[in-house]
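S.K.: sharing a model prediction with you, sequence too.
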Amino acid sequence: MSQVVPLAEAHEESVFGSKAVGLGAAARGGLPLPPGIALAESIVEDVASGEEAAIREVTDAASALPVPLAVRSSAVDEDGASASFAGQHITLLNIRTAEEVSDAVREVWWSANSDSAITYRQRVGLLHRPSVGVVVQSLLAPTVAGVMFTRNPISGADERIIEASWGLGEAVVAAQVIPDTYRVDRSGQIIERTAGYKKIAIRALPTGGTFEEPVASELTEALCLTDDDLGELHMLATRCETLYGPARDIEWAIADGRLYLLQCRAITRTGH
Amino acid sequence: MSGAPVEVLQQVPLFAELRPEDLAQVARVFKKRQFAAGETVTKEGSGGAAFFLIESGEAQVSVRGHSRPPLGPGDHFGEVALIDGQERSATITANTDLVCYGLTYWDFQPLVHGNAAIAWGLLLALARLLRAAQND
């Protein structure tokens, strides 16, 4: 079996990790994804070890993707329903060239083997060796991005909860802004729109990495999603539930007027 | 080129009693790791996952709020965590960009389990360190 595959060919969680396989199912299901590849945990190990053949293989495969790139961990026991690894493994954004991907892969390997990751694993009773795959995808330059729960994660109510802010979704995921909040019922009817307080947008730097761009004052408290956007998001939620099952936690982005799915996993806790 | 340089690893007391072929085997499982200036490398009291050997750069050391001499190329830390995976005894922060070779206990344990000569070499080194500590 190849150790570097297009996302649509990532089938085995024990080889590529749950994030890669989840995105693979999305790709096979025709959901809108940025182009990407999945790296098996064995080649991640080899790249982290400095094996030249492995580095060459990964660099060659990444060369086929439009840059810049995002490099994300896809740990084999990550994102499970019983133990959320959110924040334990890093995502490296805005990798400018394919040649820089191997360094980013090594950093992802170390994030799964860091002191904090090991402490966390011990706390949740995961005593075996960490095993990490990697997803490499083209990084979008979104106008708006955020998260969406296909069921209310607090009350358990059967409604979509959407949080959105300007720029890359990391501002929402890392709670660096108070995002807009939207509630949409199962029929697609918008129940509530609450503007947040979005002082910064995370953007890609031309030299690599990201920076916090101040948001223009007239946009700070302006809603960043239109009713049409909410309709598209509701449809995406429905397609994700059809493909993966109910109660999904989705990361999404809108770039060049098109909605993309970035990640879809089970909600780790609901209020019902 | 993968792994840590054997000639530098030879200077680490924990590995000083290993035979050259065993030391080479240990050296191969080290992985390079970079820390940016200002980044916390280890935090006192947190769980420890790896042993590190510094290739370049400088790091400051603090134990219970008190500074210790800085670490530089050839210095190392985390031997105890490498064996027991327990709490870090010092906070180490990169003063400059820091390049290290790291070895996790996940990678080290199978080597020790699978090679009695490595295990014996470690016991000899620990015995020597224990005698030195008793004589201090």
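M.R.: It's in.
S.K.: what comes up buried for the one helix or strand in chain A whose mean pLDDT sits lowest?
M.R.: Lowest by mean pLDDT, DSSP states H and E among the helices and strands of chain A is helix A:115-123, with a mean of 78. Neighbour counts over helix A:115-123 (16 or more other C-beta atoms under 10 Å in any protein chain shown) mark A:115, A:117-121 as buried. Where C-beta positions appear, they are placed from N, C-alpha and C, glycine not excepted.
S.K.: in stretch A:120-138, what's buried?
M.R.: For stretch A:120-138, by 16+ other C-beta under 10 Å, it's A:120-121, A:126, A:130-137.
S.K.: ok, which of the buried residues of helix A:115-123 also contact chain B?
M.R.: The residues of the buried residues of helix A:115-123 that also fall near chain B, by C-beta under 8 Å from any C-beta of the partner chain, are A:115, A:117-119.
S.K.: and the spatially most central residue of chain B, which helix or strand is it part of?
M.R.: Nearest to the geometric centre of chain B sits B:F51, at 3.3 Å (C-alpha atoms, centre = their mean). B:F51 is part of strand B:50-56 when elements are defined by DSSP states H and E.
S.K.: so what strands line up beside the helix or strand following that strand?
M.R.: Moving toward the C-terminus from strand B:50-56, the next helix or strand (DSSP H and E) is strand B:59-63. Each strand paired with strand B:59-63, and its direction, by DSSP bridges: strand B:66-71 (antiparallel), strand B:91-94 (antiparallel).
S.K.: the lowest-mean-pLDDT helix or strand in chain B packs against which elements?
M.R.: In chain B, no helix or strand scores lower on mean pLDDT, DSSP H and E than helix B:79-84, which sits at a mean of 84. If you count contacts as 3 or more C-beta pairs under 8 Å, 6 or more residues apart in numbering or on different chains; DSSP states H and E, helix B:79-84 packs onto strand B:50-56, helix B:105-114.
S.K.: just say which of these is most tucked in.
M.R.: Highest mean neighbour count among these (mean count of other C-beta atoms under 10 Å in any protein chain shown): strand B:50-56, with a mean of 22.
S.K.: what parts of chain B come near chain A?
M.R.: Contact residues (C-beta under 8 Å from any C-beta) of chain B with chain A: B:1-3, B:28-29, B:31-34, B:42-43, B:46-50, B:85, B:88, B:102, B:104, B:106.
S.K.: would you mind listing which of those residues are buried?
M.R.: Listed as buried from the residues of chain B next to chain A are B:2-3, B:29, B:31-34, B:42-43, B:46-50, B:85, B:88, B:102, B:104, B:106; burial here means 16+ other C-beta under 10 Å.
S.K.: inside strands: which ones of these?
M.R.: B:31-34, B:42, B:50, B:102, B:104 (DSSP state E).
S.K.: adding distance to A:A201, write those residues out as TSV.
M.R.: Converted to TSV, those look like this (distance: C-beta to C-beta, whole Å):
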residue	distance to A:A201
B:K31	35
B:K32	34
B:R33	31
B:Q34	28
B:T42	34
B:A50	36
B:G102	35
B:T104	37
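S.K.: okay, now residue 18: neighbour count?
M.R.: Using chain A here. For A:S18, the count of nearby residues is 20 (other C-beta atoms under 10 Å in any protein chain shown).
S.K.: right idea, wrong chain: chain B
M.R.: Close neighbours of B:L18, defined as other C-beta under 10 Å, add up to 25.
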